[in-house]
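[1] Show me how the following folds:
(chains A and B)
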Amino acid sequence: MMTSETLISHVSPTPAADAIPIERIPRSADWKKPPPARITTASLTKNNIGTVKRINQVVFPISYSNKFYDESLAAELEEFNRLVYYNDIPIACVCCRFDRTTGSDTAKLYIATMAVLAAYRSLTIGRQTLALVLHAAAAHKSPKISVVYVHVQVSNTEARKFYEREGFKVASEVKDYYKKITPANAWLMEREITAEDTGHKEGTADRPIAV
Amino acid sequence: MSTSIPPKRVLPQKEAALFRTLLQMYETKLYKKGVKTADTILKKFPEHGETLCMKGLILHSMDRREEGLELIRKGVRLDLTSHIVWHVYGIAHKSEKNYEETLKCYLQALKFDKENLNILREAAQLQLQLRHYEAHVESRNTLLRLRPQLRQNWFALAIAYYLNGDDARALAVLQQFEGTLKNIADGDVELSDILLFHVKLLEAQGDYATAIALLEGKRDEHRILDRVAIRLTRARLLGKVGRVEDARDSWSLLLQRNPDSYDHYRDYLASEGLSLDNPPPETKSRLLEILDRFASLYPRASAPRRLALDVAEGDTFRSLVAPYVVSGLRRGSPSLFSDIKTLYRDDIKRAIVEDIVLRIREELAASNAVAATPQEKAGEAPTTYLWTVYFLSQHFSYLGRYEKALAMVNEAMEHTPALPEILMMKARILKRAGDTFGAAEWMEKARRLDGQDRFLNGKCAKYLMRSGNIDAANKRLGLFTKKDSVSPGIDLEEMQSVAYLQQEGDAWLRQNKLGRSLKRYHNILKIFDDFEDDQFDFYAYSLRKFTFNAYLELLAFEDRLRGHSAYISAATAAAKIYLKLHDGPESPHADDQAGKHGRKKKRPEASTNGANSANGKASESPVPSGGADAEGRDLLSTKEPLQQAYSILSRSDGLIRNHPEFWVVTFDVALRRAKYLQAARALQTAKSLHSDDPEIHVRVVEFTSRDFSTSEARVAKTIERIASELAPRQSLEQYNAEYLQRHPNNPPAILAAARALHLIKGAEGSEDTRSLIWQLLHPECIADVKTCLAAFAFIGEVCGEDIQEEFRKSCSARFPLATIFLRPKEQEDRRKVINAFTESAE
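    From the prediction side, this is the model:
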């Protein structure tokens, strides 16, 4: 990173003291104030799947096969598999699949990947995205969804905390879940779908997601 | 109708009825039946000219052109005084877009049927197409006399006078016409347009007071409906007539409606006696004051703030530019840099902007690193940081500091890896740094993020063309072209995509596939021919729809058509290829040589190896684009390449936009055709437009170092005179040295001086030439990839392969990112890698 001294000697024709720190540059003067952050989501298509791949590539230590992405495009998963935009910039995505119970029209929903780019964390984006998934799960008729679950690498305490905040509980620790990365163990975290999830939309998130 | 009908034209009742059906059949395109009907008549009256002509016309429309024309000609000969035969002959010419001949036929037809409205109208239209303004006035006069009740005939006559430069008569027609109007409905749009044209005429005549009176009167009567036009015209007229106060008020009112119009601010300031272009220092504070007042009056407008940046200097500039830039960064405006970069003409302003944005980045990076939740600490959205580094990458790329630009763009990509703009920026930086392959790769990566984005798709194809992956580029374009088209290229050609044709032409040229390249450039020239034809139909349309004001604009555009930069670029590129064909006949070793010198040759003299499309064909997969003879063998096989080049150039208009290259190529062609006076004039024009252009400098030396004494005495004298005006023949070396001194660190100028030196001293000066070329790599010279590439080709010719290789290595070291200095084989390998990469997509 450039120090301020080299900076001045290179470019500054006036003393550095004259420079205005960014926080002192008026923000909400009436002139062109930036619109409040707008978070929107889109369903996955073969045209934007490249973006999903790229986000997952950056966020996860393991890479997913083309087959995985092809399956994510299934029409029945449209409400669960979403690409999330922050001011029209793609920054997060979630891919799920049904884990069907044989013999009945019920299923568990498995969150295969949920990624938010590092620079856009702590903005409640993950929370809102998850709320969207839970809401869709609660409203889903066929198959009917009772439980949502996810695998979290045992080193990833940040993710564990996140899911715990959202009502997930560690059900078990799966030995050698990961083949190519260490630690290889994963927590299996679960959450039941409750009646409240149906009516989420406005409740849980600070800013409702516009779909 | 003519009074006496010659007996041989008269048909008995039955056949006359048949002839009428025949006419109908032609109109309704029942061609086969038409031919039969004509034959029935001809069986009895084989010498009936009109029937023969009709049969010919139908055959002509059925793609049996020659046969049809033959019959028509025969018919005309048999009945020279029939208006029908001449009309038919005209229609046949018209369908071949031969307007001059069409007009002649129509005028002939009118001789025998003076008041035929149809033919009169068409003749008038043709006269405009051919710019026969005087004759057009006559035709319109006749039409008005025949049909005075038609509104459009009045207006058309006024326009005819106006185009003929006779404003006074045009005004008289309008006045007379307006005087006859009664019981006009409210909201008459046509009349509104006519009145606006009337005002425009008065303004053109300098009669401002009357113009204002008419404008205001008709405005109050609600006859002129275009309110914006009223306001604009009124404000302009008030200024011209000297009612400054009123003009100022009018412009303020217009600003209230659109506070983001740069033009309105200029006009307003003009009414205050101020100017934004190079304002004298003493007016600057006044300018800033006014702009500031508007800025607080219109808090959401950016124009007054942006204009103030042009005016302000030093610390004032700094305090104004900071909030402007920050607002753009916070809003995430990708175009912020293109908005700002025009300020970079001023080095101090550039440094201030750089300083401010670097500082912002530092602050944001610091708060990012420290705080887990950056937005809480600095109160900034994470995207502000993203757009800041994005801005910086554009900034450094613009300044040619590619390593730094790459560092910035990589930083942005680490932050937000899936935003196409960022990947595109990386591609662009690599392109500028001379890495065409890396550029194509990153553009393809960007494209894969969003398969629906046609802009991205087009960019990607363009970059693939540049890296020589022409097939892959066409496949990309095919994702968006019509699915039932034979190939993407054919669809794009039909859609008149000049950009595509130019790119593909350039790409083939870089691979020395001259035929294919030439074909593409000719496609572009053809498109401009079509543009010219298009104005024909628009006249009839504007008559019907009363869009004359738009029609006049179109005429003005068409008059400058051959000076359009896309046209000039294609014309010069095509002419250069013809020069190559002339200079270097196809050699049997074309392929070997193409490997060695296969890169784009900038200058026609650089050509030693003709292209050989037949040889080229074997090594490449068949490309579906381009239609019949996509390889352009027809074009290549011309016996007179110089004549071709000349005819292309002579149709262009190099004066409309000053293209130095156009004049240079015109000179090159004229010199080879031994048209020394033409060459001299081209050089004179070029020098008066761009006196210090490097290419022109080389030509001046080339020209003056020649001996013209073999020419005819009178010509030789004139040439001598012009040559001595261009440069001192006795001391060309010194002339060249002075040129170099004027541009000590300008790479193209250094290369030009080296080429000129070679022209003056030839082989014996090769050592000096060599050291001059090496100056390009001197640390103080801010050399660019393009110039060095041209220098590389040049030095190979002058000093041989060993020195060329040495220069190549030095260039590689000087431009570590560039791949265009790789050996041809290495480049080919890289190209294959890119090809494989694009194919891995689906």
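[2] can you map out the strands along the chain?
    All of this refers to chain A. With strands called from DSSP state E, chain A shows them at A:39-43, A:82-86, A:89-100, A:106-116, A:144-153, A:169-174, A:186-192.
[3] now the angle from the third one to strand A:144-153?
    Okay, so that is strand A:89-100. Angle between the axes of strand A:89-100 and strand A:144-153 is 120 degrees (criterion: axes from the mean of the first three to the mean of the last three Cα atoms, to 10 degrees).
[4] Ok, the second one next?
    Put simply, strand A:82-86 runs at 70 degrees to strand A:144-153, going by the same axes, to 10 degrees.
[5] Where does the prediction get shaky in the chain?
    The chain I'm using is chain A. Residues of chain A that meet the criterion pLDDT under 70 lie in A:1-35, A:199-211.
[6] hmm, I had chain B in mind actually
    B:1-4, B:368-379, B:585-628, B:654-657, B:841-842.
[7] Flag every buried residue along the longest helix along chain A.
    Secondary structure of chain A per DSSP state H: the longest helix is helix A:125-139. Residues of helix A:125-139 classed as buried: A:125-138 (neighbour count, 16 or more other Cβ atoms under 10 Å in any protein chain shown). Every residue, glycine included, has its C-beta placed from N, CA and C.
[8] Can you list the helices and strands that it packs against?
    Judged by 3 or more Cβ pairs under 8 Å, 6 or more residues apart in numbering or on different chains; DSSP states H and E, helix A:125-139 is in contact with strand A:39-43, strand A:82-86, strand A:89-100, strand A:106-116, strand A:144-153, helix A:157-165, helix A:195-198.
[9] distance between it and the chain's centre?
    Centroid displacement of helix A:125-139 relative to its chain, using Cα atoms, centre = their mean, to the nearest Å, is 10 Å.
[10] just the angle between it and strand A:186-192, please?
    Angle of helix A:125-139 versus strand A:186-192, following the same axes, to 10 degrees, is 50 degrees.
[11] show me the contacts for residue B:116.
    By Cβ atoms under 8 Å, 6 or more residues apart in numbering or on different chains, residue B:116 lies in contact with B:83, B:87, B:109-110.
[12] Grab the two from the residues you listed that are most spread out in space.
    B:87 and B:110 (9.4 Å; Cβ to Cβ).
[13] residues shared between the contacts of those two?
    Going by Cβ under 8 Å, 6+ apart, residues that sit against residue B:87 and also against residue B:110 are B:116, B:119.
[14] Between those two, which has more neighbouring residues?
    The residue with more neighbours, out of residue B:87 and residue B:110, is residue B:87; 24 against 20, by other Cβ atoms under 10 Å in any protein chain shown.
[15] ok, the residue nearest to the more buried one when sequence neighbours are not counted - contacts?
    Once flanking residues are discounted, residue B:87 sits nearest to residue B:109: 4.7 Å by Cβ to Cβ, 6 or more residues apart in numbering or on different chains. Applying Cβ under 8 Å, 6+ apart to residue B:109 gives the contacts B:83-84, B:86-87, B:90, B:116, B:119.
[16] can these go into CSV with extra columns for secondary structure and distance to residue B:10?
    Listed next are those as CSV, based on DSSP: H, G, I helix; E, B strand; the rest coil; distance: Cβ to Cβ, whole Å:
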residue, secondary structure, distance to residue B:10
B:83, helix, 15
B:84, helix, 13
B:86, helix, 18
B:87, helix, 19
B:90, helix, 23
B:116, coil, 19
B:119, helix, 22
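[17] Go through these and name the one nearest residue B:412.
    Once Cβ to Cβ is applied, the member of the contacts of residue B:109 that ends up nearest residue B:412 is residue B:90, at 64.2 Å.
[18] Tally up the residues packed near the closest residue to residue A:192 other than its chain neighbours, please.
    Nearest residue to residue A:192 in three dimensions, chain neighbours excluded: residue A:147, at 5.6 Å (Cβ to Cβ, 6+ apart). Look at residue A:147: counted by other Cβ under 10 Å, it has 16 neighbours.
[19] for residue B:249, same thing?
    Using other Cβ under 10 Å, residue B:249 is surrounded by 15 other residues.
[20] do you know how far it is from chain A?
    Counting by Cβ to the nearest Cβ, to the nearest Å, the gap from residue B:249 to chain A is 26 Å.
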